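Chemist: Structure of the sequence below:
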Amino acid sequence: MATTRNFTENLPKLSHPDGSPIRALVVDDEPSLAELMSMGLQMAGWDTQIAHDGSSAVKIAREYRPDVLVLDIMLPGFDGVELLGKIRGFAPDIPALFLTAKDAVQDRVAGLTAGGDDYVTKPFSMEEVLLRLHRIVQRAGVTAVDAAEIRVGDLVLNHDTRQVMRGSDEIMLTATEFELLRYLMENPKRVISKTQILDRVWNYDFGGQVNIVELYISYLRKKIEANHPAMIHTVRGAGYILKPAEQ
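Modeler: Next up, the predicted model:
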């Protein structure tokens, strides 16, 4: 768990405008996995509840009113897709992340078609799940205003003002450069492939041409690393990773 604890230090601290913690309902029929997920979220400052089947999850959700759902697709009684529909019957705007042991396209499509906001396949990285859940909650608009900031080392990006600062220096970025930097900062210390970047930033509008990623990474480096130590690193054959500069 030490790795998860260290990782949560790089996540934005999310809370409601009144300062109360974000609430997550984790539903998985594997008790050890549900507990692990709950502990990771608690380390990030969230409040959590756990259910192991659909029926109990509906009862908890009615009383607990979570801000986000973490749902295993394969559940006893009825599956996660049906469960999401039942909970959205009384909480229509609640976002959800699906967990699935299957990596087939049809399983991912089923979850997203049912209204899921994201999915992660098992076995998964706790770091990735926490990042995705933070992103989902931020998009849902339930967090305090200051949660708009992402910090990685001395680099700060503000979603709302679209201001980027490196130390005391303000960095002016184009819209595409901003989205690219935001994606990298939402995934600190994690290798992101060129294909993933194309999908997130350009939605393959450039026909899958990875050279556009290389070009914009070059633009970004020149701006955020001018007179500062490097933060964006190339992992040969794998992609790019953004991490705090070495002191």
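
Chemist: Excluding chain neighbours, give the residue nearest to Asp72 in space.
Modeler: Asp28 (4.2 Å; CB to CB, 6 or more residues apart in numbering). Bear in mind the C-beta positions are built from the backbone N, C-alpha and C, glycine included.

Chemist: tell me the contacts of the one you found?
Modeler: By CB atoms under 8 Å, 6 or more residues apart in numbering, the contact set of Asp28 is 34, 37, 50, 52, 70, 72, 75, 99.

Chemist: what's the pLDDT at it?
Modeler: Note on Asp28: pLDDT of 93.

Chemist: gap between Ala44 and Leu220?
Modeler: Separation of Ala44 from Leu220 (CB to CB, to the nearest Å): 27 Å.

Chemist: How about His159?
Modeler: For His159, the distance to Leu220 - CB to CB - is 17 Å.

Chemist: Please say which of the two ends up with more neighbours.
Modeler: Leu220 (23 against 15; other CB atoms under 10 Å).

Chemist: Now the phi/psi pair for the residue nearest to Asp72, please.
Modeler: Backbone torsions of Asp28, given as degrees, to the nearest 10, read phi -150, psi 140.

Chemist: Look up how far Ile60 lies from it.
Modeler: 13 Å.

Chemist: which neighbours do these two share?
Modeler: With CB under 8 Å, 6+ apart, Asp28 and Ile60 have no common neighbours.

Chemist: Tell me where the chain has helices.
Modeler: 2-8, 31-43, 54-64, 80-87, 105-113, 126-140, 175-186, 194-197, 211-224 (DSSP state H).

Chemist: what distance separates the second one from the centre of its chain?
Modeler: Which is helix 31-43. Distance of helix 31-43 from its chain centroid, counting by CA atoms, centre = their mean, to the nearest Å, is 16 Å.

Chemist: That one vs helix 126-140, what angle?
Modeler: Helix 31-43 runs at 60 degrees relative to helix 126-140, counting by axes from the mean of the first three to the mean of the last three CA atoms, to 10 degrees.

Chemist: center of the chain, which residue is that?
Modeler: Arg132 (1.8 Å; CA atoms, centre = their mean).

Chemist: and that residue, what is it in contact with?
Modeler: Per CB under 8 Å, 6+ apart, neighbours of Arg132: 97, 118, 120.

Chemist: so which of those residues is the most crowded?
Modeler: The contacts of Arg132, ranked by neighbours (other CB under 10 Å): first place Leu97, 22 neighbours.
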